[in-house]
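Engineer: need a 3D model of the sequence below.
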Amino acid sequence: MRVIVCYDVNTETREGRRRLRRVAKVCEGVGQRVQKSVFECQVDLAQMEELERRLLAEIDLAQDNLRLYRLPDTRGCEVRQHGIFRSLDFEGPLVL
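Structural biologist: Presented below is the predicted three-dimensional model:
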């Protein structure tokens, strides 16, 4: 399934800036950044639950915001993109 992860971390303090970097690092290990605080991830249910657990361990629920959107695998999920962003093809071959 494709999951969209969006977050807004309060960066007014040094600790907030550290949380922001840690949240981004967790997301970078699982998906691709499509905007500054938005990631697309191709995961199964267990990986999504692990991702959510790791992100909740990093954010401060009293100051930050975390949203995860599960997109259906069926047709009807459409992404329209404009501009210079080049996305990864999650379904294509992996070349290292």
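Engineer: make it CA atoms for all contacts and neighbour counts henceforth
Structural biologist: Fine.
Engineer: hey, where'd the strands end up in this structure?
Structural biologist: Shown for the chain, the strands assigned by DSSP state E span residues 2-8, 31-35, 38-42, 65-71.
Engineer: and of the ones you listed, who's closest to residue 23?
Structural biologist: strand 2-8 (8.3 Å; Cα to Cα).
Engineer: that closest one packs against which elements?
Structural biologist: strand 38-42, strand 65-71 (3 or more Cα pairs under 8 Å, 6 or more residues apart in numbering; DSSP states H and E).
Engineer: dump the ones you listed into CSV; add mean pLDDT and distance to residue 57 as well.
Structural biologist: Output for the helices and strands packed on strand 2-8, formatted as CSV (pLDDT from 0 to 100; distance: least, Cα to Cα, whole Å):
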stretch, mean pLDDT, distance to residue 57
strand 38-42, 93, 18
strand 65-71, 91, 11
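Engineer: which of the ones you listed sits most buried?
Structural biologist: Across the helices and strands packed on strand 2-8, averaging neighbours per residue (mean count of other Cα atoms under 10 Å) puts strand 38-42 on top, at a mean of 21.
Engineer: and that one with strand 65-71, angle?
Structural biologist: 40 degrees (axes from the mean of the first three to the mean of the last three Cα atoms, to 10 degrees).
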